[in-house]
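A.B. asks: Using only what follows, build the 3D model:
(3 chains)
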Amino acid sequence: MSPVFSVRLHELQAALGGDLVSNDGADALGERLIRRIGPLDSADGTTISFLSNPRYRAQLQDTAAGCVIVAPAVQDGVRAGCVALVTPDPYLYFARLTQWWAARTRAVAPVGVHPSAVVAPDVVLGEGVSIGSLAVVESGAVIGHHAVVGAHAFVGAGVVIGEGSRLAPRVTLMPGTRLGARCLLHSGVVIGADGFGFAPTQGRWEKIEQLGGVQIGDDVEIGANTCIDRGALDDTVIGAGVKLDNLIQIGHNVQIGDHSAMAGCVGIAGSARIGSGCTVGGGAIVLGHLALADGVHISAASVVMRSISKPGQYSGVFPLDDNASWEKNAATLRQLHTLRDRLRALEKKMTP
Amino acid sequence: MSPVFSVRLHELQAALGGDLVSNDGADALGERLIRRIGPLDSADGTTISFLSNPRYRAQLQDTAAGCVIVAPAVQDGVRAGCVALVTPDPYLYFARLTQWWAARTRAVAPVGVHPSAVVAPDVVLGEGVSIGSLAVVESGAVIGHHAVVGAHAFVGAGVVIGEGSRLAPRVTLMPGTRLGARCLLHSGVVIGADGFGFAPTQGRWEKIEQLGGVQIGDDVEIGANTCIDRGALDDTVIGAGVKLDNLIQIGHNVQIGDHSAMAGCVGIAGSARIGSGCTVGGGAIVLGHLALADGVHISAASVVMRSISKPGQYSGVFPLDDNASWEKNAATLRQLHTLRDRLRALEKKMTP
Amino acid sequence: MSPVFSVRLHELQAALGGDLVSNDGADALGERLIRRIGPLDSADGTTISFLSNPRYRAQLQDTAAGCVIVAPAVQDGVRAGCVALVTPDPYLYFARLTQWWAARTRAVAPVGVHPSAVVAPDVVLGEGVSIGSLAVVESGAVIGHHAVVGAHAFVGAGVVIGEGSRLAPRVTLMPGTRLGARCLLHSGVVIGADGFGFAPTQGRWEKIEQLGGVQIGDDVEIGANTCIDRGALDDTVIGAGVKLDNLIQIGHNVQIGDHSAMAGCVGIAGSARIGSGCTVGGGAIVLGHLALADGVHISAASVVMRSISKPGQYSGVFPLDDNASWEKNAATLRQLHTLRDRLRALEKKMTP
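C.D. replies: Numbering: from 1, shown residues only, chains lettered A, B, ... in the order given. Just a heads-up that it's a prediction; the model follows:
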């Protein structure tokens, strides 16, 4: 993305900390030139890489990387000729390095309103705001300082966007949405569409108008094409620091506690309450009106059908098998209850 | 959303019916001022609330609501000082109340074509139509009276939109789509993208052009980012009154009977035929070419692998458990067929 | 879609091959007029239909089709009065016929840049390119000859689109995307949103900026609202001829081999490597960092939790049952491990 950017190790160290160490007595380590952040196995002499899992320490001998971020416990394993950048939490250091790098190499959204955007005259624009090409911002919206509204984004009437938040191209915020500071919403996100609420009557469905809104905390990231419905009466509430991957469905009046994270394709049905610090694996489903305690971790593709009051890891997935074996086991599974009864009968017979 | 709107109970009663009853002999019940519809537990004296499930009747004593919609059977349980609005079906009354409320508090889409919209000269626009900012309406499209085409919506060539139907911002209707009256399509909906059809040939896939269209009946609601593919040869057909939640995939040539409803993240594979009055829970999958009878109800996250000819509730989900227990049971499940054989062998041995 | 188009059989034969045969000695078979491609059961005398599965050969007697594409083995079964168009692979012939038909009946995107589009001055446009209404093409993008950028599409800075590729309305290609030739991307597709990468630190998530891009091979088709994330450091890579259905999530750094195909609602987690010639059924989930060999086929709604090194069909789905039976079996399943132990104990007792 930025083939011409380069940096010397002492600059990284000055910005992000860490110790520069060599296992071969080389000096002037800080002078080494870095042009790329890359994985150990595709690195070259101008690449900075990292090792976070000590189990893979053998790779420290094989990599061609010019520098590798490591924990003190494995720094001795770094190959001669490769600089070790030693820090207590290499993965966290790596994360901050990517941020430092992106801030220096990514195009910055131009400040101002693109002439093709359609912005209502009473919209409140903070300082340094960027409104992209063909964006629509409707009456009464309030856009915080340094916020970015991408191309083709739609910001409905009265929507509030916090300071420094960014909407990628083609994000939709319906009226009634309040977005915190420093959020990042990816393309195709829809916040505040109607929740799914109908009263059954004589074989038909009578619509329950969704009169609530959506509140999203600070530092929330929401992946591409993810949807968060508006509440029926009260608001749907997403806590601070929540991270949602792509193609997730969050039903009306769901509450998600701070710093919970969910992988792609998850579905959270209406009025579910997810605690803080939870994780939900990809493709998992949480049924409506359930409550998950803080610190609950749901494995990918599992289905949560009851509330969970104790933290821990929970799973429920049919194990994959070759098709023939699966067919036999699946067929037997449909008689499992009978098998149990037969087993019980045998046990009874055997007991004198 | 509308903090300044207020209404007296006699106005609601005049519009929607019901009896106003007090358990403390108070009079002038109809004069009570209502400013909000809200749940029982967060209500205050200007809130109108409702109780639909008699199991929770105890809440009628605790709520601070100024008025609560209840069935005759529980009206005696309403706290003194709270007005009971008595009606045979409180949930239905509540639904209609939300509609009445929304009609009085929501912004109405402005009639006319926004100057930034790109509308082909031969498009037929009914009376009172609203075309939003930066919408695109292509040649030959027909937009029924009082229909609303939201900002950034795309209406392809020749598309027909029935009277009073509404497209939220950023809905896509590809050519070949016919939409009935009074439909509501939420942001990100894609109707009429190509179905997934390929002929395998020598390790490659040869595209089958999708020549059919999509027919959608009256009073259909379609959730955010839901997709309905065009038919391969004939049309994909969605019956009247069907309600689809967000992020649902409807394959080519699927037929869905009238008044069926599906929750979020459902996938219906190509050429499946779903009856009338069916419900499909969130995350469920129905395989291709299957037929589901009228009145079939599929539990959330279940997978339908065979046609179903009898109405009823069907389920198939691996029960969630703590991870350690799940691992043990899942491992055993892979030997289930063997267990059955061993059980059978034991039974044989025991039978003289 | 094209009620006035018609063609004589000899024209089809000249374009696509095959033998025209009649079982009743009729001549001038090539003169027969065809107005529609349709299924056998809804065909009339001006319809051309096809039979690919010999199991359904009885339909060849019942259809009213004017012509039916068949394999030599079943041509004798075609009803008198219906022309047999005989070819070794009728399904492939049918696919090519739909392409031939679409090329003659579909509106062609107008060459040139629509005046409402926002195209940066330094964009490189090939010959015959079409840029639709209100599309945005940012600085440095390169659009190959005869490519089509649909209405409301967003083409980020520096994106490369290969010759003849088509973006339906409202496709988003973020910076760092390279698209091959002859690709077809449907509405709502998002390529190059950030992958889901965070380092945990003190109960919070520190963002790992996603510095890689997305490479997409030639002849790839991507369904509506499908997302392919950009890589964290290296690129996400989609091989040539890959076909992805709607609402699929492809995580960062996934690699998909040539000519693999995936049905709707699939989720492939980050860094998974899918071989060539694989198929993944609708709603299936593949966990992160796994490797699937060439020729692996995953059944719909199955969850892949371990790498698969041998080609074949793999499944893992809880069998659907009426709800009462499912409840009993699911409850027993949670004790399955115990059942095994009890069975073992019985066996021990029985063995002298």
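
A.B. asks: So is the host helix or strand of A:Asn329 next to chain B?
C.D. replies: Using DSSP states H and E, A:Asn329 maps to helix A:323-333. Yes - using C-beta under 8 Å from any C-beta of the partner chain, helix A:323-333 comes into contact with chain B via A:Ser325, A:Lys328, A:Asn329, A:Ala331, A:Thr332, A:Leu333. The C-beta positions use only the backbone N, C-alpha and C, and glycine is treated the same way.

A.B. asks: got the contact list for the fifth one?
C.D. replies: Read it as A:Thr332. A:Thr332 is in contact with A:Leu339, B:Leu336, B:His337, B:Leu339, B:Arg340, counting by C-beta atoms under 8 Å, 6 or more residues apart in numbering or on different chains.

A.B. asks: try it again with 7 Å
C.D. replies: A:Thr332 makes contact with B:Leu336, B:His337, B:Arg340, according to C-beta atoms under 7 Å, 6 or more residues apart in numbering or on different chains.

A.B. asks: circling back to that earlier point, what angle do the helix holding A:Asn329 and helix C:323-333 make?
C.D. replies: Helix A:323-333 runs at 100 degrees relative to helix C:323-333, counting by axes from the mean of the first three to the mean of the last three C-alpha atoms, to 10 degrees.

A.B. asks: what packs against the helix or strand following helix A:323-333?
C.D. replies: For helix A:323-333, the succeeding helix or strand toward the C-terminus, using DSSP H and E, is helix A:336-350. Packing partners of helix A:336-350 (3 or more C-beta pairs under 7 Å, 6 or more residues apart in numbering or on different chains; DSSP states H and E): helix B:336-350, helix C:323-333, helix C:336-350.

A.B. asks: Mean pLDDT added to the ones you listed, as CSV?
C.D. replies: Formatted as CSV, the helices and strands packed on helix A:336-350 follow (pLDDT from 0 to 100):
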stretch, mean pLDDT
helix B:336-350, 90
helix C:323-333, 95
helix C:336-350, 90
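
A.B. asks: Would you tell me which of these gets closest to B:Pro175?
C.D. replies: helix C:323-333 (41.9 Å; C-beta to C-beta).

A.B. asks: what's the spacing between that closest one and its chain's center?
C.D. replies: Distance of helix C:323-333 from its chain centroid, counting by C-alpha atoms, centre = their mean, to the nearest Å, is 36 Å.

A.B. asks: and that helix, which residues are buried?
C.D. replies: Buried residues in helix C:323-333, counting neighbours by 16 or more other C-beta atoms under 10 Å in any protein chain shown, are found at C:Asn323, C:Ser325, C:Trp326, C:Lys328, C:Asn329, C:Ala330, C:Thr332, C:Leu333.

A.B. asks: and these as a markdown table, adding distance to A:Leu184?
C.D. replies: A markdown table is the format used below for these (distance: C-beta to C-beta, whole Å):
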| residue | distance to A:Leu184 |
| --- | --- |
| C:Asn323 | 42 |
| C:Ser325 | 46 |
| C:Trp326 | 41 |
| C:Lys328 | 47 |
| C:Asn329 | 44 |
| C:Ala330 | 40 |
| C:Thr332 | 46 |
| C:Leu333 | 41 |
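
A.B. asks: mind giving me the domain split of chain A?
C.D. replies: Per automatic domain parsing, the domain ranges recorded for chain A read A:7-105, A:112-314, A:322-352.

A.B. asks: closest one to B:Ala28 among those domains?
C.D. replies: Smallest distance to B:Ala28 across the domains of chain A (C-beta to C-beta): 26.6 Å, for domain A:112-314.

A.B. asks: Quick check: mean pLDDT of that closest one?
C.D. replies: Here domain A:112-314 scores 98 as its mean pLDDT.
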